[in-house]
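**Student:** predicted model follows, preceded by the sequence.
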Amino acid sequence: MGNFSFFQMIDVLGTAAFAISGARHAMDRKLDVFGVIIIAFVTAIGGGTIRDVIIGSTPVGWLQNELTITVILIAAIGTLIIDGNHPVVPNTLFLFDSLGLGLFTLAGIDKALQYDFSVGICIALGTISACFGGVLRDVLLNKVPLIFHRELYASACIAGGVLFFLLRYLHVDGYLNQILCILLIFVVRILAVRYNLTLPAAQTDKKKLDRQ
Amino acid sequence: MGNFSFFQMIDVLGTAAFAISGARHAMDRKLDVFGVIIIAFVTAIGGGTIRDVIIGSTPVGWLQNELTITVILIAAIGTLIIDGNHPVVPNTLFLFDSLGLGLFTLAGIDKALQYDFSVGICIALGTISACFGGVLRDVLLNKVPLIFHRELYASACIAGGVLFFLLRYLHVDGYLNQILCILLIFVVRILAVRYNLTLPAAQTDKKKLDRQ
Amino acid sequence: MGNFSFFQMIDVLGTAAFAISGARHAMDRKLDVFGVIIIAFVTAIGGGTIRDVIIGSTPVGWLQNELTITVILIAAIGTLIIDGNHPVVPNTLFLFDSLGLGLFTLAGIDKALQYDFSVGICIALGTISACFGGVLRDVLLNKVPLIFHRELYASACIAGGVLFFLLRYLHVDGYLNQILCILLIFVVRILAVRYNLTLPAAQTDKKKLDRQ
């Protein structure tokens, strides 16, 4: 129960961080109040929704979870109201966002395991859960998704997913495994931002693209 | 039966209005004939499709409804052929579109109620049904969705949804309740356009966005 | 069994061609390695995923098909590594892509038939299976989808679908029918590109768009 509360707390903080991140991106695009709230929602629940829809776990989670919706609504409205200029805000947010990244990845893997998917698919579903809210956010804001061309973001999730199945193979199960993986994702993400690590951009010779 | 026909008629007119609206936006972007027809479809059935997919009501409605598809096809092809410059056209369209907005919201709420969702989720699903066809249309046309930064559109749906549950709480049930809510959405929408009402844009201090 | 292998081979080649096409578009946009792989995936499995999700056939196919995922991964990484400048590359790709177009259309129709949809819906689902991977690719790359404003692409699928049901009506069933339809789509597509055939663009008078 102590552990349950611990994960639930991270979940709430992670959801809030994702919602705030979405709200801020929307505010930067000068959307109206309604637009900001929708983008906050999509950022926070988009990844899990895509996961649930493609595996057929419907109604998707947030339709039946008042807590999630309440947290997002409070986070979005709070972001609209509160001055975010205090220097402690971005760093705190970044920490929650990175924790949320780890937690959402593990939650996605956990759900995928219930459906007996292969290891590769489980890791993919974990990564989708954690990253595709941001992808939908960027699509709605009419931008090429950030995670496709900057910073290690999805890579951290994949690393965490690989560690999870490695530890599982070594019979390190349950909370210990999950916490270690969340920590790895957290640390990779922090280091990636701290040292400005990115994946190499693809090279292209500007050759004529094949059709379609 | 008389009432059924009445709602069915609004449904057809609303679907047609949504399809025409989509076709015109696509024509303005100089899409080809096929593109115009697809955008007309997506605008008319997109919201209901997203609703059905996330609640797990599949196959989604339009796959089994020849009438909807026929109406959209006729509306799209008609828009491609007919000169829309007569001054009566935009106003008539706008009336149908606003009626459709109300009807689609109520249809969404009605469907949500069958799944025993909470009041907030029912209103959200109604709003998604009515508004997210336009969101998909704008995404496919490579624009930031209109409803996120201009005019009261979704707000009208939300107001109608709130009224619905208020009246329901007061035991005003059935058609009377539905018609009152459709009327409210219709009137809010007309007034919003007539008096150019908008939601306030979110303020932002152009501060550095939190990462991702 | 011989026939099965034949279709399976085209399926693999078609999937690879779609993945390579996606990877090249992504590379042209200077995405990073992860972005290129994701776009390759979305291009190859996007159409079938949308089809499966809206008809409710979940978990969607690729979640349970290791071969598809492996082929896409190899195709995407190969595209990242190999120099595509040899003149034989674009033409070979184009042939596979056109074959894939035909095969994916027929696979979509085949699946739709299992759900007893009407003829029009079956053709629509076939076309969605073949074309909407490219639509998702373009949306993620922040472009108006190519198939909405250039070249006959979806039209070839629709023509193939119409032929399929025509032959079926004439009791030409099974592989013969499928192969004839794939050939038609293949030939229409080749001719469209060879002779630069396009659908007419929609005319518009730049009149004020109806609201929303």
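**Tutor:** Noted; the coordinates are in hand.
**Student:** on contacts alone, who are the packing partners of the host helix or strand of A:Leu13?
**Tutor:** According to DSSP states H and E, A:Leu13 maps onto helix A:2-28. Contacts defined by 3 or more Cβ pairs under 8 Å, 6 or more residues apart in numbering or on different chains; DSSP states H and E place helix A:2-28 against helix A:33-55, helix A:66-81, helix A:88-113, helix A:119-140, helix A:174-194. For the C-beta atoms, the positions are set from N, CA and C on the backbone; glycine is no exception.
**Student:** any chance of those helices in a markdown table, plus mean neighbour count, distance to chain B and mean pLDDT?
**Tutor:** Compiled in a markdown table, those are given as follows (neighbours: other Cβ atoms under 10 Å in any protein chain shown; distance: least, Cβ to the nearest Cβ, whole Å; pLDDT from 0 to 100):
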| stretch | mean neighbour count | distance to chain B | mean pLDDT |
| --- | --- | --- | --- |
| helix A:33-55 | 25 | 3 | 94 |
| helix A:66-81 | 18 | 6 | 92 |
| helix A:88-113 | 21 | 5 | 84 |
| helix A:119-140 | 24 | 6 | 94 |
| helix A:174-194 | 18 | 6 | 89 |
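**Student:** out of those helices, which gets nearest to chain C?
**Tutor:** Chain C lies closest to helix A:33-55 among the helices and strands packed on helix A:2-28, at 4.7 Å (Cβ to the nearest Cβ).
**Student:** anything in the closest one near chain C?
**Tutor:** Yes: against chain C, helix A:33-55 shows contacts by Cβ under 8 Å from any Cβ of the partner chain at A:53-55.
**Student:** which secondary structure elements does that helix contact?
**Tutor:** Secondary elements touching helix A:33-55 (3+ Cβ pairs under 8 Å, 6+ apart): helix A:2-28, helix A:66-81, helix A:88-113, helix A:119-140, helix B:33-55, helix B:154-169, helix C:33-55.
**Student:** my read is that A:Ile54 contacts C:Gly56, right?
**Tutor:** No: in this structure A:Ile54 lies outside contact range of C:Gly56 using Cβ atoms under 8 Å: 11.7 Å.
**Student:** nearest to A:Cys131 among the residues of helix A:33-55 next to chain C?
**Tutor:** Nearest to A:Cys131 among these: A:Ile54, at 14.4 Å, using Cβ to Cβ.
**Student:** report the contact partners of that closest one.
**Tutor:** Residues in contact with A:Ile54 (Cβ atoms under 8 Å, 6 or more residues apart in numbering or on different chains) are C:49, C:52-53, C:58-60, C:63.
**Student:** could you redo the last one with a cut-off of 7 Å?
**Tutor:** Residues counted as contacts of A:Ile54 (Cβ atoms under 7 Å, 6 or more residues apart in numbering or on different chains) are C:49, C:53, C:58-60, C:63.
**Student:** tell me the predicted confidence for A:Asp210.
**Tutor:** Note on A:Asp210: pLDDT of 43.
**Student:** might one say that A:Val135 is in contact with A:Pro145?
**Tutor:** Yes: with contacts counted by Cβ atoms under 7 Å, A:Val135 reaches A:Pro145, the gap being 4.4 Å.
**Student:** among the helices and strands packed on helix A:2-28, which is nearest B:Leu199?
**Tutor:** B:Leu199 lies closest to helix A:33-55 among the helices and strands packed on helix A:2-28, at 4.8 Å (Cβ to Cβ).
**Student:** can I get the CA coordinates of that closest one in PDB?
**Tutor:** Taking C-alpha atoms only, helix A:33-55 is exported to PDB below (Å, rounded to 0.1, in the frame of the first residue of the first chain):
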ATOM      1  CA  VAL A  33      -8.200  29.400 -22.900                       C
ATOM      2  CA  PHE A  34     -10.100  26.400 -24.400                       C
ATOM      3  CA  GLY A  35      -7.200  25.500 -26.700                       C
ATOM      4  CA  VAL A  36      -4.700  25.600 -23.900                       C
ATOM      5  CA  ILE A  37      -6.800  23.200 -21.800                       C
ATOM      6  CA  ILE A  38      -7.300  20.800 -24.700                       C
ATOM      7  CA  ILE A  39      -3.600  20.800 -25.500                       C
ATOM      8  CA  ALA A  40      -2.900  20.100 -21.900                       C
ATOM      9  CA  PHE A  41      -5.200  17.100 -22.000                       C
ATOM     10  CA  VAL A  42      -3.900  15.700 -25.200                       C
ATOM     11  CA  THR A  43      -0.300  16.000 -24.000                       C
ATOM     12  CA  ALA A  44      -1.100  14.200 -20.700                       C
ATOM     13  CA  ILE A  45      -3.400  11.400 -22.000                       C
ATOM     14  CA  GLY A  46      -2.500  11.200 -25.700                       C
ATOM     15  CA  GLY A  47       0.200   8.500 -25.400                       C
ATOM     16  CA  GLY A  48      -1.900   6.200 -23.200                       C
ATOM     17  CA  THR A  49      -4.900   6.700 -25.400                       C
ATOM     18  CA  ILE A  50      -3.100   5.600 -28.600                       C
ATOM     19  CA  ARG A  51      -1.700   2.600 -26.700                       C
ATOM     20  CA  ASP A  52      -5.100   1.600 -25.400                       C
ATOM     21  CA  VAL A  53      -6.800   2.100 -28.800                       C
ATOM     22  CA  ILE A  54      -4.400   0.000 -30.800                       C
ATOM     23  CA  ILE A  55      -4.400  -2.900 -28.300                       C
END
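**Student:** how far away is the residue sitting nearest the centre point of chain A from B:Ile55?
**Tutor:** Ranked by distance to the mean C-alpha position of chain A (Cα atoms, centre = their mean), the top residue is A:Ala130 at 2.9 Å. Per Cβ to Cβ, to the nearest Å, A:Ala130 is found 24 Å from B:Ile55.
**Student:** do the same with A:Ile10
**Tutor:** A:Ile10 is 28 Å from B:Ile55, by Cβ to Cβ.
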